[in-house]
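In: next one to model:
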Amino acid sequence: MILEIDIHRTAKLLSDQHGESAVFVATEKAEKHWRQGDNEGASTWERVARAIAAVNDTQTEGPIVNRRLKRVHVAG
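Out: Model prediction:
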């Protein structure tokens with residue numbers, strides 16, 4: 001299992017690189033892992049997406065983010 005500190009480091013890096021779209025980059029990575037059957041990798045990227053939303057004080061219950069994260073859950 002990936003440590004929480006590593007999740008937050010990754011979230012910070014993606015946020016620095018992608019700005020407001022970082023949460024979507026992370027959910028795309030999660031979806032890719034689900035499609036490949038890598039449930040652990042997908043769960044890790046979902047954690048990163050949620051951490052990005054928290055770090056950026058982004059609304060995590062918005063329709064786009066919710067729809068994308070639910071799609072990640074359903075795909076697994």
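
In: hmm, who's touching the helix or strand where residue 16 lies?
Out: Assigned by DSSP states H and E, residue 16 belongs to helix 4-18. The contact list for helix 4-18 (Cβ atoms under 8 Å, 6 or more residues apart in numbering) reads 22, 25, 26, 44, 47, 48, 51, 52, 54, 55, 56. All C-beta atoms are positioned from the backbone trio N, CA, C, and that covers glycine.

In: burial of the first one, as a residue count?
Out: Right, the one you point to is residue 22. Residues lying near residue 22 (other Cβ atoms under 10 Å) number 25.

In: out of everything not next to it in sequence, what's closest to it?
Out: Of all residues beyond its chain neighbours, the one nearest residue 22 is residue 14 (4.2 Å), with distances taken as Cβ to Cβ, 6 or more residues apart in numbering.

In: can you give me the helices in the protein?
Out: 4-18, 22-35, 39-55, 63-75 (DSSP state H).
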